[in-house]
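A.B. asks: How does the following fold in three dimensions:
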Amino acid sequence: MLRSSQNLPERIGALRVRMAAAAASAGRNVDSVTLLAVSKGQRAELIRAAAAAGVSEIGESYLAEALEKMVILADLPVTWHFVGRLQANKTRPVAERFAWVHGLDRLKIAERLAAQRPYHAPALNVCIQVNLAGEATKGGVPAAEAPDLAAAVAALPRLALRGLMCIPPEEADPSRQREWFARLRVLRDSLNEGGLSLDTLSMGMSGDFEAAIQEGATLVRIGTALFGPRA
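C.D. replies: As a prediction, the model looks like this:
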């Protein structure tokens, strides 16, 4: 367990080396991949240390915890991402305080976010979550329904539909990991061929981010491999 912030720079450096190697193996520039530090269950001081080590994108899943951290860390020049499942009765603070939402899978939620996004704020960046394997325990729209949802979300005001997100089944075999991520990339490309302009694939976590990068991830959501187990 990571008990202090002292070795965070080393952890972040090691992660960036692995990201660069995965990108190079796919003929990609690592600068096309963003490291999103998922800090749910972690102390605010660790987020501050990560920011000092060059991490600028922070992801949270638990709204009450996130809002408390936002107050404590209001001075940090970081971008906040909501990466958890979003309930309809909690959309307003997300619309008002976050820059990104990654788990969008219902039009009702999108409509509430659009209506509640402040007029003076830039458009809220959103990614549609796709449930690639049809797992009942995970959120996300079935791949077959993604085109209709994407078209509807893209038409809403004050939202910027940026791309797709997934949490595929856990696989130990990197080739199997890549198969799932390739499905999301193919779906993204199909939507773009249909007239959308999606530039984001939010896919890959601590156990599979290298496979995700090899299949085109533009944003990897890393928690445990960066911060250690949750407190």
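
A.B. asks: Now do the helices in this protein.
C.D. replies: 8-25, 44-52, 63-72, 91-97, 107-116, 146-154, 174-193, 209-214, 224-227 (DSSP state H).

A.B. asks: TSV please, covering those and showing mean pLDDT and mean neighbour count.
C.D. replies: The C-beta positions use only the backbone N, C-alpha and C, and glycine is treated the same way. Shown next, in TSV, are the helices of the chain (pLDDT from 0 to 100; neighbours: other CB atoms under 10 Å):
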stretch	mean pLDDT	mean neighbour count
helix 8-25	96	16
helix 44-52	96	18
helix 63-72	98	16
helix 91-97	98	18
helix 107-116	98	18
helix 146-154	98	18
helix 174-193	98	17
helix 209-214	98	25
helix 224-227	93	20
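
A.B. asks: Any idea which of the ones you listed gets closest to residue 34?
C.D. replies: Counting by CB to CB, residue 34 lies closest to helix 8-25 out of these; the figure is 9.7 Å.

A.B. asks: tell me how far the closest one is from the chain's mean position?
C.D. replies: Computed by CA atoms, centre = their mean, to the nearest Å, the chain-centroid distance of helix 8-25 equals 18 Å.

A.B. asks: Can you name the residues that contact the nearest residue to residue 192 once chain neighbours are set aside?
C.D. replies: Spatial nearest neighbour of residue 192, excluding adjacent residues (CB to CB, 6 or more residues apart in numbering): residue 198 at 5.6 Å. By CB atoms under 8 Å, 6 or more residues apart in numbering, residue 198 lies in contact with 150, 161-164, 188, 191-192.

A.B. asks: Any chance of the residues you listed in TSV with distance to residue 51 as columns?
C.D. replies: Listed next are the contacts of residue 198 as TSV, based on distance: CB to CB, whole Å:
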residue	distance to residue 51
150	32
161	28
162	23
163	24
164	27
188	30
191	33
192	33
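
A.B. asks: Between the two ends of stretch 149-160, what distance do you get?
C.D. replies: End-to-end distance of stretch 149-160 (CA to CA, to the nearest Å): 14 Å.
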